[in-house]
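Chemist: I would like to see how this sequence folds:
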Amino acid sequence: MTEFSHKSIMLNQCIEGLNIKPDGIYVDGTCGGRGHSKEIAKRLTTGRLYGFDQDPDAVAVATERLRGLPATVIHENFRNAKAALHKLGVEKIDGVLLDLGVSSYQLDAAERGFSYNNDAYLDMRMSKEGPSAADLVNTLPLQDLTDVLRNYGEEKFAYQIAKKIVARRRDEAITTTKQLSDIVNSAYPAAERRKAKNPSRKTFQALRIEVNDELGALEDALDEFFEMLNPGGRMCIMTFHSLEDRMVKQYYKKLAVKCTCPPEYPICVCGGKAKAEIITRKPIEADRREQEENRRSRSAKLRILEKL
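Modeler: Okay, the predicted model is just below:
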């Protein structure tokens with residue numbers, strides 16, 4: 001089995017963005033790599049960090065590596081963090097960090113089935129529970145499969161790929177990452193295959209998002225975490241693809257709007273007040289050096305919000 005390792009992206013920017021108070025209560029919704037978690041916990045005195053992760057491998061590693069620090073690691077999807085914290089008597093928090101990327105360990109561990117660079121069982125379950133990617137590609141109707149690839153992968157050849165998948169599974173079950181990658185390649189026009197990026201990238205992303213309900217989890221968590229924030233508390237969210245980033249950007253914008261009157265009104269009559277301030281008008285991106293040292297940081301975007 002691959003050793004659990006994960007290189008935290010934009011570590012300093014995330015820590016600075018949280019504006020940590022030594023007596024504050026903080027949440028790391030994706031603590032598996034524990035890099036961010038450890039740096040948060042090291043800055044606390046009477047405060048405490050609560051780290052969440054749905055991956056049992058990540059939880060085991062984080063629990064060990066955060067030992068001796070003011071931190072509690074909880075095996076749970078961050079979409080359920082509010083309920084889990086309430087059970088522990090925690091009603092309010094001073095900051096939350098969500099690193100929404102797939103961990104280096106999950107990508108590098110062939111047996112987890114996240115990567116098209118390895119041949120393994122087509123799994124992709126972060127929690128190791130529920131239907132796998134193999135289950136989906138072998139059972140979803142053609143139109144549903146097309147929708148998943150188009151909506152979550154923004155794949156322009158979604159129908160062609162889905163049609164090839166459905167045709168192949170009539171002859172044999174599609175159970176490995178290599179089988180799926182070969183099918184995607186065969187569905188792509190030759191001119192597109194010659195381009196730099198692997199044709200399988202968007203299909204694997206789409207299936208991973210569907211398997212783990214990633215966008216649904218993010219949508220559930222945004223309101224709950226914001227509700228729990230104390231005034232002055234910060235929400236730091238790092239995204240790795242346009243679908244997530246768009247959700248976060250639009251959510252922040254909604255909270256920062258003062259007036260909700262129809263645009264045709266000459267003056268404000270709603271008396272509305274902004275609920276939050278957007279700290280990052282443009283998302284923070286990894287600097288050139290980090291992008292060169294860690295190619296997975298190249299698509300990362302960090303957005304920060306402060307509750308008023």
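Chemist: ranges for the helices of the stretch 201-308 of the chain?
Modeler: Along the stretch 201-308 of the chain, counting by DSSP state H, counting those that start in this stretch, helices occupy 214-228, 242-256, 288-293.
Chemist: Take those helices and lay them out in CSV including mean neighbour count, mean pLDDT and distance to K128.
Modeler: Placement of C-beta: from N, CA and C, glycine included. Below are the helices of the stretch 201-308 of the chain laid out as CSV (neighbours: other CB atoms under 10 Å; pLDDT from 0 to 100; distance: least, CB to CB, whole Å):
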stretch, mean neighbour count, mean pLDDT, distance to K128
helix 214-228, 18, 97, 16
helix 242-256, 16, 97, 22
helix 288-293, 12, 96, 30
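Chemist: Include distance to A206 when you put these into CSV, please.
Modeler: Below are the helices of the stretch 201-308 of the chain laid out as CSV (distance: least, CB to CB, whole Å):
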stretch, distance to A206
helix 214-228, 10
helix 242-256, 10
helix 288-293, 24
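Chemist: Which residues are in contact with Y116?
Modeler: By CB atoms under 8 Å, 6 or more residues apart in numbering, the contact set of Y116 is T177, L180, S181, N198, S200, R201, F204.
Chemist: Distance check, the closest residue in space to E91 that isn't next to it in sequence against S132.
Modeler: Closest residue in space to E91, ignoring its immediate chain neighbours: M228 at 7.2 Å, by CB to CB, 6 or more residues apart in numbering. Going from M228 to S132 by CB to CB, to the nearest Å gives 33 Å.
Chemist: R289 now?
Modeler: Remark: distance between R289 and S132 (CB to CB) = 37 Å.
Chemist: List the contacts of the closest residue to P22 other than its chain neighbours.
Modeler: In space, P22 comes closest to T45 once its chain neighbours are excluded; the distance is 4.1 Å by CB to CB, 6+ apart. Remark: with contacts taken as CB under 8 Å, 6+ apart, T45 is in contact with P22, D23, P70.
Chemist: List buried residues within those.
Modeler: Neighbour-count burial (16 or more other CB atoms under 10 Å) applied to the contacts of T45 gives P70.
Chemist: closest to S104 among the contacts of T45?
Modeler: Taking CB to CB as the measure, S104 lies nearest P70 of the contacts of T45, at 26.0 Å.
Chemist: Quick check: the closest one touching R43?
Modeler: No - counting by CB atoms under 8 Å, P70 does not reach R43; the two are 9.7 Å apart.
Chemist: Thanks a lot, see you next time.
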